[in-house]
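Student: need a 3D model of the following:
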Amino acid sequence: MIIQLNDDFRLTSDEYCYIVQQRKISTKRSTGEQYENWVDKWFFPTIEQAVSKIVDYEVKVSDAEGVNKVLKAIESSKKAIVKELKKGVE
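Tutor: The predicted structure is shown next:
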């Protein structure tokens, strides 16, 4: 299973857990060519915990200041993830 959640995160799984992967752009030393690489970031027993961690992370790294802006950042992140999850169902 691979579910793309946004440009920087995707969700995969194995028989034991859900894995949140983060996109990294790397450069080949020999050619200078850039390429995309997905790195395992976090591991969770439930999909809910995995999605919650991504929302939490995105809020922490946002520039939101004040309660209202933080709440809007949380809602925005949740809506974007739910939208991507629904794409996989349709």
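Student: tell me how far the longest helix along the chain lies from the chain's centre.
Tutor: Counting residues, the longest helix found in the chain (DSSP state H) is helix 67-89. Counting by CA atoms, centre = their mean, to the nearest Å, helix 67-89 is centred 11 Å from the centre of its parent chain.
Student: in stretch 17-24, what counts as buried?
Tutor: By neighbour count on 16 or more other CB atoms under 10 Å, the buried set for stretch 17-24 is Tyr18, Ile19, Val20, Gln21. In short, each C-beta sits where N, CA and C put it, glycine included.
Student: export those as a markdown table, with columns for distance to Gly66.
Tutor: Compiled in a markdown table, those are given as follows (distance: CB to CB, whole Å):
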| residue | distance to Gly66 |
| --- | --- |
| Tyr18 | 32 |
| Ile19 | 34 |
| Val20 | 28 |
| Gln21 | 32 |
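Student: can I get the worst-scoring helix or strand of the chain on mean pLDDT in PDB, CA atoms only?
Tutor: When each helix and strand of the chain is scored by mean pLDDT, DSSP states H and E, helix 67-89 comes last, with a mean of 72. Only the C-alpha atoms of helix 67-89 are listed here, as PDB (Å, rounded to 0.1, in the frame of the first residue of the first chain):
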ATOM      1  CA  VAL A  67      -4.500  30.000  18.800                       C
ATOM      2  CA  ASN A  68      -6.800  30.800  15.900                       C
ATOM      3  CA  LYS A  69      -4.000  30.400  13.300                       C
ATOM      4  CA  VAL A  70      -2.800  27.200  14.900                       C
ATOM      5  CA  LEU A  71      -6.300  25.800  14.800                       C
ATOM      6  CA  LYS A  72      -6.600  26.800  11.100                       C
ATOM      7  CA  ALA A  73      -3.300  25.100  10.300                       C
ATOM      8  CA  ILE A  74      -4.500  21.900  12.000                       C
ATOM      9  CA  GLU A  75      -7.800  22.000  10.100                       C
ATOM     10  CA  SER A  76      -6.100  22.700   6.800                       C
ATOM     11  CA  SER A  77      -3.700  19.800   7.300                       C
ATOM     12  CA  LYS A  78      -6.400  17.400   8.200                       C
ATOM     13  CA  LYS A  79      -8.600  18.400   5.200                       C
ATOM     14  CA  ALA A  80      -5.700  18.000   2.800                       C
ATOM     15  CA  ILE A  81      -4.900  14.500   4.100                       C
ATOM     16  CA  VAL A  82      -8.600  13.400   4.100                       C
ATOM     17  CA  LYS A  83      -8.900  14.700   0.500                       C
ATOM     18  CA  GLU A  84      -6.000  12.500  -0.500                       C
ATOM     19  CA  LEU A  85      -7.300   9.500   1.400                       C
ATOM     20  CA  LYS A  86     -10.700   9.800  -0.300                       C
ATOM     21  CA  LYS A  87      -9.000   9.900  -3.800                       C
ATOM     22  CA  GLY A  88      -7.800   6.300  -3.100                       C
ATOM     23  CA  VAL A  89     -11.300   5.200  -2.200                       C
END
